[in-house]
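Undergrad: build the 3D model from these lines:
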Amino acid sequence: MVVIVGAGTSVTTDIISGGIVSVNFSLNPNVERLFQLGSFDAFDINITEQESISLTNYGGASTTVALSPTTTCTDSNARIAVIITPAPCTGSTVSIDRTGADSLFITSYSYSKEVTAYGQESWNLQGKPIIQDFTGSDAYLQGFAEGNHLVGTDIVSDDGIVMTGSVAGDTYDAEGRNLQVSAGALSLGQDDTQRFGKITQIGGGVGRENGKRGTASANVPHQVVYF
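TA: Numbers count the residues shown, from 1 in each chain. Model (predicted):
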């Protein structure tokens, strides 16, 4: 077992300048076995691999990413370049370099902050499916991004979400309300207003803003096409 030491591990990206709390990388292969009659030996195999990265950072350390649905057969522009250099306790290590054409696509974003805490952002990234011996052309298309966030006088000034309505001229699509309170010596609770709509920009959520809280999330759908 190789243990990775966080204090010795470095992570750099093109939109997050520092304050990265955690990182997870995975490469998941999908093996399709082409079985044939009369044998348990496969005639051949098809292998498709897909990479994913999740990042969490303190607020105030990221720049914004504009989101726009794809209208042509070109790759999405919602991408992050990442270099991960792990520090194992034993053995040598190879950096994970996903920059340039290998940078990964943003599939979701979220922001959270409690009143007395420091704001944090979370990013989920995914790469194109890697198909063994594939010789055609492909594109990773970005769809219509949507999400939600809290609004109110006690909410942070910037939760990393820029929202509009799905219909031109609207500022959001729908508004919800969540009220919770329980009996007790203090009988405290919260009454939150939450808005839902189209998301046109993510990132740049604040870090320190004492006395304020916030919750926001965005889903950025992607789909690969082959041509």
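Undergrad: chain neighbours aside, what residue packs nearest to Gln50?
TA: Nearest residue to Gln50 in three dimensions, chain neighbours excluded: Pro129, at 5.2 Å (C-beta to C-beta, 6 or more residues apart in numbering). From N, CA and C alone the C-beta is placed, and that goes for glycine too.
Undergrad: tell me who's in contact with that neighbour.
TA: Thr48, Glu49, Gln50, Val224 (C-beta atoms under 8 Å, 6 or more residues apart in numbering).
Undergrad: and the second one, how close does it get to Leu34?
TA: The spacing between Glu49 and Leu34, counted by C-beta to C-beta, to the nearest Å, is 18 Å.
Undergrad: neighbour-wise, which of the two wins?
TA: Between Glu49 and Leu34, counted using other C-beta atoms under 10 Å, Glu49 has the larger neighbour count: 15 against 9.
Undergrad: A helix includes that one, no?
TA: No. The assignment for Glu49 (DSSP: H, G, I helix; E, B strand; the rest coil) gives strand, which keeps it out of a helix.
Undergrad: pLDDT value on the closest residue to it other than its chain neighbours, please?
TA: Using C-beta to C-beta, 6+ apart and skipping the chain neighbours, the partner closest in space to Glu49 is Ile130 (4.3 Å). pLDDT, Ile130: 91.
Undergrad: where's Ile130 relative to Thr200, distance?
TA: The spacing between Ile130 and Thr200, counted by C-beta to C-beta, is 30 Å.
Undergrad: next one: Ser52
TA: 24 Å.
Undergrad: what segments of the chain are helices?
TA: With helices called from DSSP state H, the chain shows none.
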